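Peer 1: Give me coordinates for this.
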Amino acid sequence: MGNSSIMNMTEETVKFGDKDYKAVRLILGTVPLLIIKAENGYVASTYIDHGAAEKLGDIACFVTNVKSFEDFEKAKVKHATSWAEDLGIRPGMSIKKALEIMGGD
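Peer 2: I've put the predicted structure just below:
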């Protein structure tokens, strides 16, 4: 199997408050994988495994029931790695606040 590009991936810039963040949308199945990258971590839909992110030492938190980046505005943190919790990110926190803690671009 050779190298191939993923045709259904887009990179975007999303705004939370007055800060811009890099974002990636990857169409895998019926719901897209969505990731918003901050300076020191990321927020992702739960296509990314919390346990794997924890083992890898990622500063990350996860949301459920999001199909677009606009959905992140109303979403709350569902899970966070211990690395993210060390920074003060907690389940139930707004995504905007979690991104602020992780640092803007």
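Peer 1: contacting residues around the residue most central in space within the chain?
Peer 2: Geometric centre of the chain, nearest residue: residue 43, 2.0 Å, by Cα atoms, centre = their mean. Contacts of residue 43 were listed using Cβ atoms under 8 Å, 6 or more residues apart in numbering, and they are 35, 36, 60, 61, 62, 63, 72, 77, 95, 98, 99, 102. (Each C-beta comes from the backbone N, C-alpha and C, glycine too.)
Peer 1: Pick out whichever of those residues sits closest to residue 14.
Peer 2: Nearest to residue 14 out of the contacts of residue 43 is residue 36 (Cβ to Cβ; 6.0 Å).
Peer 1: Could you report the distance from that closest one to residue 63?
Peer 2: Distance of residue 36 to residue 63, computed by Cβ to Cβ, to the nearest Å: 9 Å.
Peer 1: Residue 54 too?
Peer 2: 16 Å.
Peer 1: Which one of the two is surrounded by more residues?
Peer 2: Shown here are residue 54 and residue 63; by other Cβ atoms under 10 Å, residue 63 has more neighbours (21 against 16).
Peer 1: Look up the closest residue to the more buried one, ignoring the ones flanking it.
Peer 2: residue 75 (4.3 Å; Cβ to Cβ, 6 or more residues apart in numbering).
Peer 1: May I ask you to confirm that that neighbour is in contact with residue 65?
Peer 2: Yes: counting by Cβ atoms under 8 Å, residue 75 does reach residue 65; the two are 7.2 Å apart.
Peer 1: higher neighbour count, those two?
Peer 2: Taking neighbours as other Cβ under 10 Å, residue 75 and residue 65 compare with residue 75 leading, 19 against 11.
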